[in-house]
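Engineer: Sequence and computational prediction follow.
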Amino acid sequence: MVWCNIVKSLWSSDKWFVSPYNFVEDVVKNFKLPEKPIIHDTTLRDGEQQAGIVFRKNEKIEIAMALDEAGVHRIEVGMPAVSKEDFEAIKEISKQGLNAMVMAFVRCLKGDVDLALKCDVPGVVMELPSSKHLLFYAYKWDEEKAIGRAVEAVEYAKSHGLFVTFFTIDATRAELDFFRKVVEAVHNHMDSLTFADTFGVCSPWAISYLINKFREFVKKPIEIHPHNDFGLAVANALTAIVSGAVGIHTTVNGIGERAGNAPLEEVVLALELLLGVKTGVKLNKLYDLSKLVEKYSKVKLPPHKPIVGETPFMIESGIIAEWWLNVKDSKPTEVIPFTPELIGRQKQVELILGKKSGKATIRYELSKLGVSETSEEDVTKILNDVKEKSIEKKAPLTREEFLEIVKKYIRI
């Protein structure tokens, strides 16, 4: 087979089993993967911009510390100009001695930079609109005003020793000539360039095209800030990384403006398992981190949410349940792409009793009740009752409901 000579540990272990074709030479030969990708998390700033989310000071501190414990490289902790509460939270987080670089989000204004300096952060994410149409219609600025503000603010921040990632709003809809003009004006002073797919409107192949174009005049590290309006934030993040970008901006659970951002847990696991890129993020912290942000954001996760949802580790379909019972003690990743333990999840794969269940599930559940032998006829009757009950209630059965059915046919 074409993948026979690939190092098996890349695509298969006792904790995961992904496609070996992710790593064949014809697939990866043109990849420009970074040695050390940067995971820049913006849960506490862009994540909080999701309508209705409010993080209190103590919650921001707890989330920042959890992100740091998980090994996230940079934490964008908020915008000091938003409120006194944000200012105080940023200042307090800066005092925690985190391993991650703590960064504040600022506009191209000296006053914003001064607030960041008062918070004692080592770095800033400095925003500027990079498309002429957004400047004209939304900001009511001309080109000269935008570039002038950018140069003044970036130079001011650098003169005070701050790390600056220059954040270009609406970069994926920007006119390339104007975008280049803006970036070249600040190029010698910025530390990295973040291009934002602000409205989530770029395709993965266009992301690759843009990075190649940017590389013609950008000699600093390139980062991507993808949004998820078309469900492509993770795909665009991965495309950016294989095309030569070094950083990805994420939020835990993908919370954020409108349809959200690239979910940290999805980006990190995809980098590690699908690209073989070591992120330095502790995978076994991802589930608890997700639950912490779910708790404080009050945004409940969809049950089928990739990586950290509930149903990825639930099986109802009869044939899949039978597969699972055959492999669960020997090679569970034949049926699930990765084990719950990999992301720090204690709850194991669960078989669900419902409309789609099969006889294997019934026998398994009976064995858990101490019933080791029963007739095929009784198994069929129990299964039929389970299906009928599930259809009636339009939901899976509880253990109590299953037991009630079993007692109709078997003495327990």
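Structural biologist: Nice, I can see it. What you see is a predicted model, and the numbers here were worked out from it, not measured in a lab. Numbers count the residues shown, from 1 in each chain.
Engineer: pLDDT below threshold where in the protein?
Structural biologist: The model of the chain has pLDDT under 70 over residues 1-8.
Engineer: domain assignment for it?
Structural biologist: 16-297, 311-406 (automatic domain parsing).
Engineer: any idea which of these is most buried?
Structural biologist: Burial of the domains of the chain is given as mean neighbour count (mean count of other Cβ atoms under 10 Å); domain 16-297 ranks first at a mean of 20. Every C-beta, even on glycine, is put in place using the N, C-alpha and C of the backbone.
Engineer: just how off-centre is that one within its chain?
Structural biologist: Here the centre of domain 16-297 is set off from its chain's centre by 12 Å, with Cα atoms, centre = their mean, to the nearest Å.
Engineer: one step back: next, format the domains of the chain as JSON lines and append distance to His304.
Structural biologist: Output for the domains of the chain, formatted as JSON lines (distance: least, Cβ to Cβ, whole Å):
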{"stretch": "domain 16-297", "distance to His304": "13"}
{"stretch": "domain 311-406", "distance to His304": "5"}
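Engineer: so which of these comes closest to Pro303?
Structural biologist: Of all those, domain 311-406 sits nearest to Pro303, with 4.8 Å by Cβ to Cβ.
Engineer: distance between the ends of the closest one?
Structural biologist: Domain 311-406 has an end-to-end distance of 25 Å (Cα to Cα, to the nearest Å).
Engineer: Would it be right to say that Asn326 lies in a helix?
Structural biologist: Yes - assessed with DSSP: H, G, I helix; E, B strand; the rest coil, Asn326 lies in a helix.
Engineer: Give me the distance between it and Ile319.
Structural biologist: Here the criterion is Cβ to Cβ, to the nearest Å. By it, Asn326 lies 11 Å from Ile319.
Engineer: who touches both of these two?
Structural biologist: By Cβ atoms under 8 Å, 6 or more residues apart in numbering, Asn326 and Ile319 have no common neighbours.
Engineer: Now Ile38. Its backbone dihedrals?
Structural biologist: Backbone torsions for Ile38, taken as degrees, to the nearest 10, come to phi -100, psi 120.
Engineer: ok, now which ones touch the residue nearest the centre of the chain?
Structural biologist: Nearest to the geometric centre of the chain sits Pro263, at 1.8 Å (Cα atoms, centre = their mean). Counting by Cβ under 8 Å, 6+ apart, Pro263 makes contact with Ala233, Val234, Thr250, Thr251, Val252, Asn253, Gly254, Pro306, Ile307.
Engineer: Kindly report the same for Gly244.
Structural biologist: Residues near Gly244 by Cβ under 8 Å, 6+ apart: Lys32, Pro34, Ile211, Asn212, Arg215, Ile222.
Engineer: how about those residues in JSON lines, adding distance to Glu76 and secondary structure?
Structural biologist: As requested, those are exported to JSON lines (distance: Cβ to Cβ, whole Å; DSSP: H, G, I helix; E, B strand; the rest coil):
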{"residue": "Lys32", "distance to Glu76": "25", "secondary structure": "coil"}
{"residue": "Pro34", "distance to Glu76": "19", "secondary structure": "coil"}
{"residue": "Ile211", "distance to Glu76": "21", "secondary structure": "helix"}
{"residue": "Asn212", "distance to Glu76": "27", "secondary structure": "helix"}
{"residue": "Arg215", "distance to Glu76": "25", "secondary structure": "coil"}
{"residue": "Ile222", "distance to Glu76": "17", "secondary structure": "strand"}
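Engineer: Quick check: phi and psi at Arg74.
Structural biologist: According to degrees, to the nearest 10, Arg74 has phi -130, psi 140.
Engineer: circling back to that earlier point, might you specify the subset of the contacts of Pro263 located within helices?
Structural biologist: Ala233, Val234 (DSSP state H).
Engineer: Go through the contacts of Pro263 and say which is closest to Phe166.
Structural biologist: Among those, Thr250 lies closest to Phe166 (Cβ to Cβ), at 18.9 Å.
Engineer: Can you spell out which residues form a bridge with the closest one?
Structural biologist: Asp41 (DSSP bridges).
Engineer: my read: it touches Leu271, true?
Structural biologist: No - counting by Cβ atoms under 8 Å, Thr250 does not reach Leu271; the two are 10.5 Å apart.
Engineer: all strands of the stretch 1-150 of the chain, in order?
Structural biologist: In the stretch 1-150 of the chain, the strands defined using DSSP state E, counting those that start in this stretch lie at 38-41, 74-78, 101-107, 123-129.
Engineer: Tabulate the ones you listed (CSV), appending distance to Lys347.
Structural biologist: Listed next are the strands of the stretch 1-150 of the chain as CSV, based on distance: least, Cβ to Cβ, whole Å:
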stretch, distance to Lys347
strand 38-41, 25
strand 74-78, 28
strand 101-107, 33
strand 123-129, 36
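Engineer: closest to Ile241 out of those?
Structural biologist: Per Cβ to Cβ, nearest to Ile241 of these: strand 38-41, 10.1 Å.
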